[in-house]
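Undergrad: Here is a sequence with its predicted model. Questions after.
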Amino acid sequence: MRPDDILAEFLLPTKELRHDLPFFTKTLGMRLENIFPADDPSVATFSGHGLRLRIEKGADVPPGVLRILTDSPDDFAGGQRELIAPNGTRVLVVPLSPAVEHPATQHEFAVRRLRDEAPWVIGRAGMHYRDLIPTRLGGSIIASHIRIPDGGPVPDMVHYHTVGFQLIFCYKGWVDVLYEDQGDVIRLHAGDCVTQPPGIRHRVVEASPEIEVIEIGVPADHVTTIDHDFTLPNGKGDPAREWDGQTFVHHIKDKAEWHPFRVPGFTARDTGITAGTKGVAGIQVVRRSEGIPPASRHDADIHFTFVMDGTMTLTAEGEADRDLQKGDAFVIPPQMVAQYKDCSDDLELLEVALRGDFTTTLA
């Protein structure tokens, strides 16, 4: 049997078919495919907008909801956003291309410990996810600790995200990924990271056993779209190409330069993501240096940190001290005075800030 020999259709009920004919053909712009019996029609089939409907008099099914997706809603059905068909079917006219909606950040001081045994959830392509910010700050951000226990080929498809900002940071092991206009497979080793600009096509190819990554997405709820017609790799494009104002950034740990961190007592390597996103986000890897780190406050809307190695004590005004170790994560809201104390010599932190061009004031 050939695929062309198979069709699928949705069954909808009606009490009087003749009332539905002009609505589905003229108002919704669908095409009448067949109708019967001739002397007193009770069944009709319509097609259009990628859909096939069968409307049958007396059918014992609910009228249902029909969503019409279009980026020109004013040109459809007289600009109405919601209609009710004569047979009771509710018709909603909604955007074809999903837009990024940035909810206001609900600021809070939050700590997530690995030893508290937060649940791992099996997500897309069989990957395991651990939520590092359970409240997601009101939906403004999602921070995920992701692992693939067995490694090997990943059953992923070419896809893209409707997102404001997205980071993939390789925490342990290695992972092979393909990105639009970036040539052949890119292997991320532990300490490397990439940004996934809004709309860039990509696919995870293969991973080492026990691979772990930290993924940041803004906002928390964003649409992932599978692109069945796009093939990767697709060659190399313009390195300066922008996707919604952002360039693709590939930061390699072994090529990074270390500089004094904005808070004394630490050194840091900047990933170049602040420049690549025009200030949307800033990503730094921070290590313990010399001296006692002073207390400080920041004015970033979102300031998230993941402890990659070592131990420390986090103190924050109005909060009990938190002893942290690798695998833990925390969020410090703007203008809260905080201090990193009792830092082990091997302390290493992944800092994520939105915006990336925020300022820090030593307390």
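TA: Everything's here; your move.
Undergrad: in the chain, which helix has the most residues?
TA: What stands out as the longest helix in the chain, according to DSSP state H, is helix 17-22.
Undergrad: Outside of stretch 25-33 itself, list whatever touches it.
TA: 21, 24, 44-49, 51-53, 68, 76-77, 83, 91 (Cβ atoms under 8 Å, 6 or more residues apart in numbering). (C-beta placed from N, C-alpha, C; glycine too.)
Undergrad: how about the CA coordinates for it, as PDB?
TA: Taking Å, rounded to 0.1, in the frame of the first residue of the first chain, the C-alpha atoms of stretch 25-33 are listed here in PDB:
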ATOM      1  CA  THR A  25     -16.800  26.500   2.500                       C
ATOM      2  CA  LYS A  26     -17.200  30.300   2.500                       C
ATOM      3  CA  THR A  27     -16.400  31.400   6.100                       C
ATOM      4  CA  LEU A  28     -13.500  29.000   6.600                       C
ATOM      5  CA  GLY A  29     -12.500  28.700   2.900                       C
ATOM      6  CA  MET A  30     -12.500  24.900   2.800                       C
ATOM      7  CA  ARG A  31     -13.300  22.800  -0.300                       C
ATOM      8  CA  LEU A  32     -16.300  20.500  -0.500                       C
ATOM      9  CA  GLU A  33     -15.000  17.000  -1.500                       C
END
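Undergrad: Quick check: buried residues in that stretch?
TA: Across stretch 25-33, burial judged by 16 or more other Cβ atoms under 10 Å covers L28, M30.
Undergrad: what about V285, which helix or strand?
TA: strand 282-288 (DSSP states H and E).
Undergrad: Which residues does the next helix or strand after that strand contact?
TA: On the C-terminal side of strand 282-288, the nearest following helix or strand under DSSP H and E is strand 296-298. For strand 296-298, contacts defined as Cβ under 8 Å, 6+ apart pick out 263, 332, 334-339, 353, 358-363.
Undergrad: which of these count as buried?
TA: For those, a neighbour count by 16+ other Cβ under 10 Å gives the buried set as V263, I332, M336, V337, A338, Q339, A353, F358.
Undergrad: Got the phi and psi for the fourth one?
TA: V337 adopts backbone torsions of phi -80, psi 130, taken as degrees, to the nearest 10.
Undergrad: R52 - how many residues pack around it?
TA: 16 (other Cβ atoms under 10 Å).
Undergrad: re earlier: filter the contacts of strand 296-298 down to the ones in strands?
TA: If you go by DSSP state E, the contacts of strand 296-298 have A338, Q339, A353, T360, T361, L362 in strands.
Undergrad: Farthest pair within these?
TA: Q339 and A353 (17.5 Å; Cβ to Cβ).
Undergrad: so where's the stretch 51-200 of the chain uncertain?
TA: 117-118, 123-126 (pLDDT under 70).
Undergrad: can we see that at 90?
TA: 96-102, 114-129, 148-151, 154-155 (pLDDT under 90).
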